[in-house]
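Visitor: With the input below, show me the fold.
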Amino acid sequence: MPDLSLAPAWTALFLGAFALFAGIGELRQTGHWRKMLSEMATSPALQLIMALLELFLGAAIYIVNPWASADWLSSAMSVMGGLMIVEALIVLAFSDVYIAFWLRRFGPLSRLWAWLSVVLGLVLVAVGIARF
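Guide: Next comes the predicted model:
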């Protein structure tokens, strides 16, 4: 059996780095997230690929981070993986409604979402690094 004691730290570190740099990218070039969602709204192939990727990543995160753990970070990462799985399934079944919902929120609030992504990323990276 592999030692997964550092899985929550690695998960937090990688998800945090992703959120941090995605937020920085949107702040540098405001409107990219909205453009990405617009492209996804018109492409069933992109919807399927995105859902499949999110399903696999969410499942991997969920599997290696037990939610019923004494470690709060493991539980939090497991919940995040579970939410990714649910979102992937929603995209598969209701992509037209779900993507339209998010498109309405990215116009005027784009910079706010980007800053929230940066802050969440910094917190996750800090928590992940503190575990090593």
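Visitor: surely residue 61 meets residue 74?
Guide: No - at 10.4 Å, residue 61 does not count as touching residue 74 under the criterion of Cβ atoms under 8 Å. (C-beta placed from N, C-alpha, C; glycine too.)
Visitor: buried residues in stretch 69-89?
Guide: 71, 73-78, 80-82, 84-85, 87-88 (16 or more other Cβ atoms under 10 Å).
Visitor: so what secondary structure elements neighbour the longest helix along the chain?
Guide: Ranked by residue count, the top helix of the chain under DSSP state H comes out as helix 72-106. With contacts taken as 3 or more Cβ pairs under 8 Å, 6 or more residues apart in numbering; DSSP states H and E, helix 72-106 sits against helix 7-28, helix 32-41, helix 44-64, helix 110-130.
Visitor: same thing but at 7 Å, please
Guide: helix 7-28, helix 32-41, helix 44-64 (3 or more Cβ pairs under 7 Å, 6 or more residues apart in numbering; DSSP states H and E).
Visitor: winner for burial among those?
Guide: helix 7-28 (a mean of 18; mean count of other Cβ atoms under 10 Å).
Visitor: can you list contacts of that helix?
Guide: 32-33, 61, 64-65, 71, 73-74, 77, 80, 110-111, 114-115, 117-118, 120-122, 124-125, 127-129, 131-132 (Cβ atoms under 7 Å, 6 or more residues apart in numbering).
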